[in-house]
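Novice: Could you work out the structure for the sequence below:
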Amino acid sequence: MRSSLASGVTRREIWAWAMFDFANSGYTTVIITAVFNAYFVAVVAEGKSWGTLAWTSTLALSYALVILTAPLIGAYADATARKKRLLLFSTLGCVIFTAALALAGPGAMALAVLFVVLSNFCFGTGENLIAAFLPELARDDALGRVSGWGWGLGYIGGLASLGACLGYVSWAQGQGQTAAQFVPVCVVITALLFALASTPTFLYLKERSQPQPAVAGGAWARFARTMHEAGRYRDLMRFLACTVCYQAGIAAVISLAAIYADQVMGFTTQDTLMLIFIVNITASVGAVLFGWLQDRIGHRPTLALTLLGWLAMVGMIWLASGPALFWAAANIAGLCMGASQSAGRAIVGLLAPPTRLAEFFGLWGQAVKLSAILGPMTYGLASWLSGGDHRLAMLITGSYFVIGLLLLASVRLERGRRAALTG
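Specialist: Presented below is the predicted three-dimensional model:
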């Protein structure tokens with residue numbers, strides 16, 4: 001491990017950084033992927049035909065807020081050397097608004113939408129800020145490995161939150177409780193674990209950036225300069241376009257996996273929780289394994305390999321008529337999910353100028369959240385327009401991986417790294 005870390009970085013600090021991935025993964029696993037999304041459609045929306053579209057629209061609104069603010073928050077964090085402070089504020093917001101989701105019972109659509117939007121906005125902001133620490137912590141030739149450690153530990157964190165919820169749900173169902181009774185407790189459990197597990201990050205992670213000279217116009221001016229100089233960073237911009245596409249497909253799978261399992265495969269809540277639990281294990285393995293592979297064969301070939309895996313997964317799910325093929329496809333998705341997300345973060349770390357990390361990771365956050373609108377909305381609209389044909393919706397969403405592969409072929413990482421170091 002020590003040979004992978006930048007000068008002055010300790011093992012305890014890299015553990016503290018990775019613990020944030022551990023902490024925040026519980027939110028995506030329980031709220032976005034496995035529990036609250038299905039609860040939103042079945043209980044909050046009371047099973048109405050527009051429930052899935054309402055869920056994807058709610059997520060789209062929260063992601064739109066991240067898109068509007070991410071580079072500006074990043075530019076401010078770079079200029080004032082306050083990445084860690086802003087990370088703390090976003091974490092507190094996510095914890096508080098996640099716990100507030102417990103108030104959203106049957107029919108309480110306004111409350112559910114409000115707190116999903118606020119909690120997911122805070123989550124997305126924190127995700128960008130923690131990623132901006134990566135190039136300060138890892139050597140250039142070890143960005144893949146270190147990013148993979150974070151994602152790998154993150155999926156273990158998702159398992160911890162999901163495991164706690166699964167244990168509670170099993171007990172509650174044994175007591176005859178309904179989803180309207182046990183899901184609110186699950187969201188409180190998720191919020192508390194996020195707060196507890198992120199504590200080492202704020203105790204041990206160091207703010208290494210230095211305040212930069214004031215620029216007239218502040219964060220707006222810094223962001224405007226970046227847009228003006230976009231041609232200099234053409235490989236980064238091409239990769240961000242690639243990210244929008246392949247992450248759109250991933251976002252659809254993450255956001256709608258529980259709904260697909262419930263509506264198409266007939267899974268119970270407990271079946272779905274177990275599925276996501278197992279998939280998180282394969283995702284953790286994929287993040288660590290492919291993180292090591294990135295630094296051996298290159299970031300671009302590794303990412304291309306995972307996108308081919310995603311295409312295979314889409315085909316398997318479309319063909320699946322029973323649980324066996326669906327389970328196999330879900331675990332391929334897990335393996336590729338950890339790998340592709342880790343690879344994307346490492347590539348941005350390679351292509352971002354060292355003095356503008358938070359701003360450029362804000363641009364990455366913009367791309368990821370735009371994809372999180374496009375993918376689920378594409379799926380939701382396809383499902384609605386086809387009269388609830390989830391298989392067709394999944395197949396249409398899979399086209400994003402094809403476009404991502406085509407765009408990835410035009411990215412030249414060596415040229416992009418030279419531009420970052422002279423920017």
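
Novice: how about residue 197, what does it touch?
Specialist: Counting by Cβ atoms under 8 Å, 6 or more residues apart in numbering, residue 197 makes contact with 19, 22-23, 26, 157, 160. Just so you know, the C-beta spots here come from the backbone N, C-alpha and C atoms, and that holds for glycine as well.

Novice: Can you tell me which of the residues you listed is nearest residue 332?
Specialist: Using Cβ to Cβ, residue 157 comes nearest to residue 332 of these, at 21.8 Å.

Novice: hang on, isn't that closest one packed against residue 26?
Specialist: Yes. Shown here, residue 157 and residue 26 form a contact pair, counting by Cβ atoms under 8 Å, at 5.7 Å.

Novice: Can you pick out the ones from the contacts of residue 197 that are in helices?
Specialist: Judged by DSSP state H, the contacts of residue 197 include 19, 22-23, 26, 157, 160 as members of helices.

Novice: if we can go back for a sec, any common contacting residues for residue 157 and residue 26?
Specialist: With Cβ under 8 Å, 6+ apart, residue 157 and residue 26 have common neighbours 193, 197.

Novice: Poorly predicted segments of this protein, please.
Specialist: Applying pLDDT under 70 to the chain picks out residues 1-2, 214-220, 222-223, 226-230, 255, 258, 269, 423.

Novice: who's in contact with residue 125?
Specialist: By Cβ under 8 Å, 6+ apart, residue 125 lies in contact with 66, 69-70, 73, 86, 90, 365.

Novice: tally of neighbours for residue 46?
Specialist: By the criterion of other Cβ atoms under 10 Å, residue 46 has 11 neighbours.

Novice: Next up, the contacts around it.
Specialist: 106-107.

Novice: quick one: residue 285 and residue 336, what's the gap?
Specialist: 11 Å (Cβ to Cβ, to the nearest Å).

Novice: scratch that, residue 405 is what I was asking about
Specialist: Where residue 336 is concerned, residue 405 sits at a distance of 13 Å (Cβ to Cβ).

Novice: Quickly list what's touching both of these two.
Specialist: Counting by Cβ under 8 Å, 6+ apart, the residues touching both residue 405 and residue 336 are residue 307.

Novice: Of the two, which one has the most company?
Specialist: residue 336 (27 against 18).

Novice: Is it correct that that one is in contact with residue 314?
Specialist: No. Using Cβ under 8 Å, residue 336 makes no contact with residue 314, being 10.6 Å away.

Novice: any idea which of the contacts of residue 197 is closest to residue 103?
Specialist: Of the contacts of residue 197, the one sitting nearest to residue 103 (Cβ to Cβ) turns out to be residue 26, at 19.3 Å.

Novice: For the closest residue to the closest one other than its chain neighbours, grab the count of nearby residues.
Specialist: Spatial nearest neighbour of residue 26, chain neighbours left out: residue 161 (2.9 Å); criterion: Cβ to Cβ, 6 or more residues apart in numbering. Per other Cβ under 10 Å, the neighbour tally for residue 161 reads 30.

Novice: again, but for residue 256
Specialist: If you count neighbours by other Cβ under 10 Å, residue 256 ends up with 29.

Novice: do residue 361 as well
Specialist: 30.

Novice: now swap in residue 212 and tell me
Specialist: Counted with other Cβ under 10 Å, residue 212 comes out at 14.

Novice: contacting residues around residue 180?
Specialist: 43, 105-106.

Novice: try residue 302
Specialist: Counted by Cβ under 8 Å, 6+ apart, residue 302 has contacts 144, 290, 293-294, 339, 343.

Novice: If we use 6 Å, what do you get?
Specialist: 290, 293-294, 343 (Cβ atoms under 6 Å, 6 or more residues apart in numbering).

Novice: in the helix or strand hosting residue 309, what's buried?
Specialist: In this assignment (DSSP states H and E), residue 309 forms part of helix 299-319. Residues of helix 299-319 classed as buried by neighbour count (16 or more other Cβ atoms under 10 Å): 299-300, 302-307, 309-314, 316-317.

Novice: likewise stretch 150-164?
Specialist: 150-162, 164.

Novice: where does residue 48 land in three-state SS?
Specialist: Counting by DSSP: H, G, I helix; E, B strand; the rest coil, the backbone at residue 48 sits in coil.

Novice: and residue 74, how many residues sit next to it?
Specialist: A count of nearby residues for residue 74, using other Cβ under 10 Å, gives 33.

Novice: Quickly find the element holding it.
Specialist: Judged by DSSP H and E, residue 74 forms part of helix 51-80.

Novice: Quick one: list the elements packing against that helix.
Specialist: helix 109-131, helix 218-228, helix 357-385 (3 or more Cβ pairs under 6 Å, 6 or more residues apart in numbering; DSSP states H and E).

Novice: can you list the ones you listed in TSV and add distance to residue 50?
Specialist: What follows is those, written out as TSV (distance: least, Cβ to Cβ, whole Å):
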stretch	distance to residue 50
helix 109-131	11
helix 218-228	37
helix 357-385	7
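
Novice: Any idea how far apart the tips of stretch 346-364 sit?
Specialist: 11 Å (Cα to Cα, to the nearest Å).
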